[in-house]
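S.K.: I would like the atomic coordinates for the input below:
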Amino acid sequence: MIALVQGEPGKRYRVMDIRLDTAVKRRFEILGMTKGASVSVLNKKRSGAMIIKFRGTRFAIGKKFAEGILIGG
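M.R.: As a prediction, this is how the structure comes out:
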């Protein structure tokens, strides 16, 4: 398992775990990012901010959130 922040643009990953504050974790779950969900990295900034896509919707997330989402191939 690696953190989403280490993911490469153009690749698809599976969410293995979300290790964030309870409120943030619940918000992601409401949006559809749950364990086992597929997530694609669309763009990645040097600062660690990312544009990701899951459940057909694009999201921009900061480095702190991307570090708390664990992914696997």
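
S.K.: Please enumerate the helices of the protein.
M.R.: Residue ranges of the helices in the chain, as given by DSSP state H, are 22-31, 63-67.

S.K.: Give the rounded mean pLDDT of the first one.
M.R.: To tie it back to what came earlier, the one meant is helix 22-31. Taken as a whole, helix 22-31 carries a mean pLDDT of 95.

S.K.: Likewise for the shortest one?
M.R.: Rounded to a whole number, the mean pLDDT of helix 63-67 is 96.

S.K.: Ok, stretch 2-15 next?
M.R.: Averaging pLDDT along stretch 2-15 gives 96.

S.K.: Name the residues that touch that stretch?
M.R.: By C-beta atoms under 8 Å, 6 or more residues apart in numbering, the residues outside stretch 2-15 that reach it are 33-44, 48, 50, 52, 54, 63, 66-73. Any C-beta I mention is one placed from the backbone N, CA and C, and that applies to glycine too.

S.K.: Tell me the buried residues in it?
M.R.: The neighbour-count check on stretch 2-15 (16 or more other C-beta atoms under 10 Å) flags 4-5, 7, 13, 15 as buried.

S.K.: Much appreciated, bye for now.
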